[in-house]
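> Show me how the following folds:
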Amino acid sequence: MGKEYFAHETAVIDGGCKIGKGTKIWHFTHIMSNCIIGENCNIGQNVVVSPDVVLGITSKFKITFLYIQVLYVKMTFFLDHQWFSLTL
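Next comes the predicted model:
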């Protein structure tokens, strides 16, 4: 069975990650180890998601140079800005 999500050829997805059906991961994005990305998420280019982050269904990160650390987003989160760091 093939993967049910799209990851651009330049994206890096570390081991232990679970990526939901219909999710799109774009250019030069790095999803670090043990992340859980829900269904139908859209992770824009140049995003770094640090280890163990959980993103819920239909979350959208359309940002250049976003660093996401220790975050749990349940559902429908949209962030559209440049040069942003999100740490919770």
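> At which residues are the strands of this structure located?
6-7, 12-13, 18-19, 24-25, 30-31, 36-37, 42-43, 48-49, 54-57, 60-61, 64-69, 72-75, 78-79, 82-87 (DSSP state E).
> What is the first one packed up against?
The one in question is strand 6-7. With contacts taken as 3 or more C-beta pairs under 8 Å, 6 or more residues apart in numbering; DSSP states H and E, strand 6-7 sits against strand 24-25. C-beta here means a position set from N, CA and C on the backbone, and glycine is covered the same way.
> who touches the strand it packs on?
Residues from elsewhere that reach strand 24-25 (C-beta atoms under 8 Å, 6 or more residues apart in numbering): 5-8, 11, 13, 19, 31, 37, 41-43.
> could you flag which of these are buried?
For these, a burial check counting by 16 or more other C-beta atoms under 10 Å picks out 5, 7, 11, 13, 19, 31, 37, 41-43.
> Pull the most distant pair out of the residues you listed.
Greatest spatial distance among those (C-beta to C-beta): I13 and N42, at 15.0 Å.
> Would you reformat the buried ones among the contacts of strand 24-25 as a markdown table and include pLDDT?
Below are these laid out as a markdown table (pLDDT from 0 to 100):
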| residue | pLDDT |
| --- | --- |
| Y5 | 97 |
| A7 | 97 |
| A11 | 97 |
| I13 | 98 |
| I19 | 96 |
| I31 | 93 |
| I37 | 89 |
| C41 | 87 |
| N42 | 88 |
| I43 | 88 |
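> Return the member of these nearest to F61.
Within the buried ones among the contacts of strand 24-25, the smallest distance to F61 is 5.2 Å, found for I43 (C-beta to C-beta).
> Would you mind measuring from the closest one to T10?
Between I43 and T10 the distance is 13 Å, computed by C-beta to C-beta, to the nearest Å.
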